[in-house]
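J.: show me how the following folds:
(chains A and B)
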Amino acid sequence: MAYTMRVLVVADDPLARAGLATLLASQPACAVVGQAASDADLAGALQVYRPDVIVWDLGASAAQASADFRDMAAPVVALLPDANAAADAWAAGARGLLLRDASAESIAAAIVSVAQGLAVLDPALAASVLPAREQARRALVEALTPRELQVLRLMAEGQSNKEITMPVLTELSNALAAAVEYAGAGVARVEARHRLPASGIVWSSDGVIVTAHHVVEQDENIGIGLADGRTATAKLVGRDPTTDVAVLRAQTAGLTTRTWADLASLKVGHLVLALGRPEQTVMATLGIVSALGESWRTPAGGNLDRYLQTDVVMYPGFSGGPLIDAGGQFIGLNTSALLRGISITVPVTTLRQVVETLLSKGRISRGYLGVGAQPVRLPSALAQQLKQETGLLLVSVEPDGPADKAGLLLGDVIVALDKQPVRHLDDLLAALTSNRIGASAQVRIVRGGAMQEIRAIVGERA
Amino acid sequence: MSDLLQQLNAEMAEAIEGARRRLVEVHNGCGGAGAGIVWRHDGLIVTNAHVVAGRHDLKVTLPDKRTLPACLLAYDNQQDLAALAIDADGLPTIELGDSRSLKPGQWVMAIGNPWGVAGAVTAGIVIGEGAQFPEMPAPGREWVVVSLHMRPGHSGGPLVDINGRVVGINTMITGPDVGVAVPVHVAKRFLQQVGLAGTIKQREKRRTNGTTYAATTLWAA
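T.: The predicted structure is shown next:
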């Protein structure tokens, strides 16, 4: 950063003025553009010389810190005879405070820092400027921006200028990278389709990998790549297309797993990261929680306990990878297939239910009627009576299926199931939960313009 | 807004301000304007090859609004890098960062001139760095892939880290939210390959003064 600071030297003693100018001339970061006495026409000098910083020598006796540095067109670095003058000079608005015997290097460093908007305090003067008197302290604190306060605090802790320059941004950037590195150990590569590999979450150390259903196109010989570089072969344990979750078991053990977050503390606006491992290294994108709602039924008929939408970018191969919080804990499984163009996360609670069911049964059981149907508009009289505009017209009835056995016919229009209105296919899918399997359900239909109730035994979808 | 967010905003503005003062506009004579980086105080400008492709009527607008004719010293279409010279000296130069140590998740900002908006900034994080990327043209080439809203006019401008140090040359996008930059160590290597690691020779600079800077000594890969 080869930028030279334009410096105006102000001192009443001509000898001190010349000495200071010579001293600063030795510093490559500074160019002394002018000199003036404090009682001269300073406003004029500032207009002529246009300095970036004013270096103001307050002289051997500290009696003259009467000027108000705040009015100056450039920030002031004040040189003080002793610590007694520090509080007054600070109160007068000096942005840098150094002792008169400071080295040329430290004056130059203060000039550069002050020009960048930082406050600079000689450690020997800090005690006087942060005085014991409560009132003065409060006035000082109020006069400082939060940033200046933090810089002061960090200087007091003895941190170097580099670390001070961007404390929050540095911490944020490092924290994000650390979260990715930590959580990345529990993210695997899943090679189960012809095009590029996708990602998966290491579920247990004994080889269970959870990924997205839509990225698994084969049941056997699925390649798994782990964070430590190991590879393994995995088999499909089971899949649930309705929540886009698939469970794989790899022929290996001793895998690294990571912890799951508590979703109760998650809020809209929180920073989150999507991780993926389509190749050897872990990759990440950043976003915030865009929407967080109650339970949500996916278009495919699955049920998520929370609707969790983010604005993270799903880079190619990210599906099946985790969404993590700023602390590196897993929040859920990301998929771009549940809702077109929107990153949806299958939250941990639902994921746990689905994975445990798939591990124990190999599939998610769902109720089944054995019909093909499409929504149709009801005649207006019927619509008024039922207080619903549409019903489901049966366009196919599977022979010997539950609907066929119950006597449902092609052309019937289903309008309710156990008194719950059925307007769309979604309503029917949602009603056919696994606990209805084997139970009798009352199907309300419209046949030949008249309403009719038919009892059907709900089957289980293969 | 909390103190923390205010401070974050202040720091981002500060980090970007320095890099902005080292950003130039590169005009290629057909209405287009890309971005470029003041690489050295003696007038060496680095940009993308596709920003200057096939053009002889090149001009560079400095941050102080001076517009100077520029001479194309070298370009490499494969690496999408180009080096220009302008007749200027004492320019504030950008500090070079370390593109090899970039980590996924790290904060970065891209600066350029999209849609003629000079010095427009977009911020995001590093998705990954290196040669292993799925669905990327020219397999085996090194990239910095970032998650931010890069746009065509960002081409040739710097991708900077949180301290305002350049870590990449903004080059292309592979989606609305995915930007791709040439790592700065690749740009350094390019300058060495074409013999521009030292200072620009007077002869080359003089050619930028007149209109007769036909590309006689042009180095191209």
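J.: how about the residues of chain B by chain A?
T.: Chain B has residues B:3-4, B:6-8, B:10-12, B:14-15, B:18, B:41, B:92-93, B:95, B:103-107, B:124-128, B:130, B:132-135, B:145, B:147, B:161-163, B:175, B:177-178 near chain A, with proximity defined as Cβ under 8 Å from any Cβ of the partner chain. In this view, the C-beta of every residue, glycine as well, is placed from N, C-alpha and C.
J.: which ones among those map onto strands?
T.: Under the assignment DSSP state E, the residues of chain B next to chain A contribute B:107, B:124, B:125, B:126, B:127, B:128, B:130, B:145, B:147, B:175, B:178 to strands.
J.: just to revisit the earlier point, which among the residues of chain B next to chain A end up buried?
T.: B:7-8, B:10-12, B:14-15, B:18, B:92-93, B:103-107, B:124-128, B:130, B:132-134, B:145, B:147, B:161-163, B:177-178 (16 or more other Cβ atoms under 10 Å in any protein chain shown).
J.: can you show me the helices along chain B?
T.: Using DSSP state H, the helices of chain B run over residues B:3-20, B:49-52, B:184-193, B:202-206.
J.: which helices and strands sit right next to the second one?
T.: If I follow you right, that is helix B:49-52. Contact partners of helix B:49-52 among helices and strands, from 3 or more Cβ pairs under 8 Å, 6 or more residues apart in numbering or on different chains; DSSP states H and E: strand B:33-38, strand B:67-76, strand B:81-86.
J.: chain center to that helix: distance?
T.: Distance, stretch centre to chain centre, for helix B:49-52: 11 Å (Cα atoms, centre = their mean, to the nearest Å).
J.: the longest one too?
T.: Relative to the chain's own centre, helix B:3-20 is displaced by 21 Å; criterion: Cα atoms, centre = their mean.
J.: so it versus strand B:33-38, what angle?
T.: Per axes from the mean of the first three to the mean of the last three Cα atoms, to 10 degrees, the angle that helix B:3-20 makes with strand B:33-38 is 90 degrees.
J.: same question, the third one
T.: Angle, helix B:184-193 to strand B:33-38, by the same axes, to 10 degrees: 80 degrees.
J.: and helix B:184-193, average pLDDT?
T.: Averaging pLDDT along helix B:184-193 yields 92.
J.: skip the chain neighbours and tell me the closest residue to residue B:145.
T.: The shortest distance from residue B:145 to any non-neighbouring residue, by Cβ to Cβ, 6 or more residues apart in numbering or on different chains, is to residue B:127 (4.5 Å).
J.: contact partners for that neighbour?
T.: A:283, A:284, A:285, A:313, A:315, B:104, B:145, B:146, B:147, B:178 (Cβ atoms under 8 Å, 6 or more residues apart in numbering or on different chains).
J.: apply 7 Å and report the result again.
T.: Residues in contact with residue B:127 (Cβ atoms under 7 Å, 6 or more residues apart in numbering or on different chains) are A:283, A:284, A:285, A:315, B:104, B:145, B:146, B:147.
J.: any idea which of those residues is least confident?
T.: residue A:315 (88).
J.: torsion angles phi and psi at that one?
T.: phi -60, psi 150 (degrees, to the nearest 10).
J.: roughly how far apart are it and chain B?
T.: Using Cβ to the nearest Cβ, to the nearest Å, residue A:315 is found at 6 Å from chain B.
J.: residue B:178 is in contact with that residue, correct?
T.: Yes. Residue A:315 is within contact range of residue B:178, at 6.4 Å (criterion: Cβ atoms under 7 Å).
J.: indicate which one of the helices and strands packed on helix B:49-52 is closest to residue B:113.
T.: Among the helices and strands packed on helix B:49-52, the nearest to residue B:113 by Cβ to Cβ is strand B:33-38 (5.1 Å).
J.: returning to what we had before: out of the helices and strands packed on helix B:49-52, nearest to residue A:247?
T.: strand B:81-86 (46.6 Å).
J.: that closest one pairs with which strands?
T.: strand B:44-47 (antiparallel), strand B:67-76 (antiparallel) (DSSP bridges).
J.: so of those strands, which one's packed in deepest?
T.: strand B:44-47 (a mean of 27; mean count of other Cβ atoms under 10 Å in any protein chain shown).
J.: and the average pLDDT for that one is what?
T.: 93.
J.: stretch B:71-83 too?
T.: Mean pLDDT, computed over stretch B:71-83, is 88.
J.: tell me how many other residues crowd residue 54.
T.: All of this refers to chain A. Residues near residue A:54, counting by other Cβ atoms under 10 Å in any protein chain shown, number 28.
J.: that's the other chain; I wanted chain B
T.: A total of 9 residues lie near residue B:54 under the criterion other Cβ under 10 Å.
J.: strands of the stretch 301-450 of chain A, start to end?
T.: Ranges of strands within the stretch 301-450 of chain A are A:303-304, A:307-310, A:322-325, A:330-335, A:343-347, A:367-368, A:371-377, A:390-397, A:413-417, A:420-421, A:440-447, A:450-457, based on DSSP state E, counting those that start in this stretch.
J.: what are the contacting residues of the fourth one?
T.: Meaning strand A:330-335. By Cβ under 7 Å, 6+ apart, the residues outside strand A:330-335 that reach it are A:183, A:201, A:210, A:212, A:244-245, A:258, A:260-261, A:263, A:266, A:272, A:274, A:308, A:314, A:318-325, A:343-348, A:351.
J.: what about the helix or strand in which residue A:20 is found, distance to the chain center?
T.: According to DSSP states H and E, residue A:20 maps onto helix A:14-25. Distance of helix A:14-25 from the chain centroid (Cα atoms, centre = their mean) equals 53 Å.
J.: that older thread, out of the strands of the stretch 301-450 of chain A, nearest to residue A:106?
T.: Comparing the strands of the stretch 301-450 of chain A by Cβ to Cβ, strand A:322-325 comes nearest, at 43.0 Å.
J.: direction included, what does the closest one pair up with?
T.: Paired with strand A:322-325 in the same sheet, following DSSP bridges, are strand A:271-276 (antiparallel), strand A:330-335 (antiparallel).
J.: tell me which helix or strand comes right after the first one.
T.: Put plainly, it is strand A:271-276. Immediately after strand A:271-276, counting by DSSP H and E, sits strand A:283-293.
J.: that next one near chain B at all?
T.: Yes. Judged by Cβ under 7 Å from any Cβ of the partner chain, strand A:283-293 comes into contact with chain B through A:283, A:284, A:285, A:286.
J.: returning to what we had before: of the strands of the stretch 301-450 of chain A, which approaches residue A:26 most closely?
T.: Taking Cβ to Cβ, strand A:322-325 is the member of those nearest to residue A:26, at 52.0 Å.
J.: just the CA trace of that closest one, in PDB.
T.: Only the C-alpha atoms of strand A:322-325 are listed here, as PDB (Å, rounded to 0.1, in the frame of the first residue of the first chain):
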ATOM      1  CA  PRO A 322     -25.900 -30.600   5.500                       C
ATOM      2  CA  LEU A 323     -27.100 -27.100   6.400                       C
ATOM      3  CA  ILE A 324     -25.000 -26.000   9.300                       C
ATOM      4  CA  ASP A 325     -25.200 -23.100  11.800                       C
END
